[in-house]
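Novice: sharing a model prediction with you, sequence too.
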Amino acid sequence: MSISGSGVGVLDKAAAVLSALEDGPQTLAELVSATHLARPTAHRLAVALEFHRFVTRDMQGRFVLGPRLTELAASAGEDRLLALASPVLTALRDHTGESAQLFRRQGEACICVASAERSSGLRDSIPVGAVLSMKTGAAPQILLAWEEPEILHRGLQGAGFTATNLSAVRRRGWAQSVGDREPGVASIAAPVRGTDGKVVAAVAISGPVERIGHQPGRHHATAVMASAKRLTNLLQTTPQHSSAS
């Protein structure tokens with residue numbers, strides 16, 4: 001990857017680090033290989049970007065793109081999905097009484113990009129910017145189920161769900177998880193589709209099993225699917241330069 005460009009060397013090198021992370025989580029060694037930066041330089045820039053939340057780390061300690069990029073995109077009005085998601089997630093939270101989230105896939109990671117948390121009581125808190133594994137949980141099943149066969153096959157390697165599970169997800173239009181990501185936590189997710197019909201995100205709710213139940217889809221799948229469909233419709237019909245009120 002070339003690091004030449006603007007003539008401001010440190011910015012070009014930082015941009016090279018961010019560009020390398022577009023492909024998903026990277027160890028320091030992988031960043032060095034992708035950017036051709038010296039190891040101390042790559043580490044110093046990655047840590048500095050982490051301080052400013054342009055970069056964060058996943059559960060394995062690898063570097064990934066951070067929540068500040070999402071926040072800036074939304075503030076600039078360039079990310080219609082995030083601009084439109086907030087009222088949809090709030091309505092879903094109020095209807096179900098459970099925390100609601102929006103997830104996107106980034107390489108081999110599942111990123112929470114928006115949320116509406118319960119205001120009180122026992123809750124399952126997934127903060128914006130949280131980096132989760134693509135191998136367990138309801139949202140990863142949604143983000144993987146409609147992928148091309150090669151990507152789907154690769155995503156199933158080491159996963160806590162099977163091709164049969166994903167076939168059922170495609171058939172019914174939702175996924176559920178009970179105690180897979182975290183003991184005692186259940187979740188339900190449904191797909192959000194872009195203008196080309198491809199799955200671009202997953203709407204989900206999550207909460208403790210003792211409240212949400214061992215068959216969460218039975219109680220909440222209809223509401224989650226309706227919210228995902230609403231967000232899909234808004235995304236496909238809202239003009240490019242419009243923002244949610």
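Specialist: Received the coordinates, thanks. Numbers count the residues shown, from 1 in each chain.

Novice: quick one: least confident helix or strand in the protein?
Specialist: Ranking every helix and strand in the chain by mean pLDDT, DSSP states H and E puts helix 67-75 at the bottom, with a mean of 70.

Novice: next SSE downstream of that one?
Specialist: Of the helices and strands lying after helix 67-75 in sequence (DSSP states H and E), the nearest is helix 80-96.

Novice: output the contacting helices and strands for that following helix.
Specialist: Applying 3 or more CB pairs under 8 Å, 6 or more residues apart in numbering; DSSP states H and E, we find helix 80-96 packed against helix 67-75, strand 99-106, strand 109-116, strand 199-208, helix 216-237. For every residue, glycine as well, the C-beta is placed using N, CA and C.

Novice: neighbouring strands of the second one in the sheet, and parallel or not?
Specialist: Based on DSSP bridges, the strands next to strand 99-106 in the sheet, each with its direction, are strand 109-116 (antiparallel), strand 199-208 (antiparallel).

Novice: so the shortest one versus helix 80-96, what angle?
Specialist: Which is strand 109-116. Here strand 109-116 runs at 60 degrees with respect to helix 80-96, directions being taken by axes from the mean of the first three to the mean of the last three CA atoms, to 10 degrees.

Novice: tell me the spacing between I212 and G160.
Specialist: 19 Å (CB to CB, to the nearest Å).

Novice: for T27, that is, sorry about that
Specialist: Taking CB to CB, one finds T27 at 23 Å from G160.

Novice: neighbour count: those two, which is higher?
Specialist: When neighbours are counted by other CB atoms under 10 Å, T27 and G160 differ, and G160 comes out ahead with 15 against 12.

Novice: what number of residues are in the vicinity of P208?
Specialist: 16.

Novice: that one and L102, how far apart?
Specialist: For P208, the distance to L102 - CB to CB - is 21 Å.

Novice: cool, V55 as well?
Specialist: As judged by CB to CB, V55 and L102 stand 21 Å apart.

Novice: compare those two (neighbour count), which wins?
Specialist: Neighbour count, other CB under 10 Å: between V55 and L102, L102 has more, with 29 against 25.

Novice: show the average pLDDT along stretch 23-30.
Specialist: The pLDDT scores in stretch 23-30 average 88.

Novice: pull out the buried positions in that stretch.
Specialist: Across stretch 23-30, burial judged by 16 or more other CB atoms under 10 Å covers 24-26, 30.

Novice: tell me if I'm right that G213 and H219 touch.
Specialist: Yes. If you go by CB atoms under 8 Å, G213 and H219 touch, sitting 5.8 Å apart.

Novice: give me the neighbour count for N165.
Specialist: Using other CB under 10 Å: N165 sits among 15 other residues.

Novice: that one sits in which helix or strand?
Specialist: helix 163-172.

Novice: from the contact counts, what lies against that helix?
Specialist: Looks like helix 163-172 contacts helix 138-145, helix 149-156 (3+ CB pairs under 8 Å, 6+ apart).

Novice: T136 reaches A159, doesn't it?
Specialist: Yes. At 7.2 Å, T136 counts as touching A159 under the criterion of CB under 8 Å.

Novice: now F63. Its backbone dihedrals?
Specialist: Dihedral pair for F63: phi -80, psi 140, per degrees, to the nearest 10.
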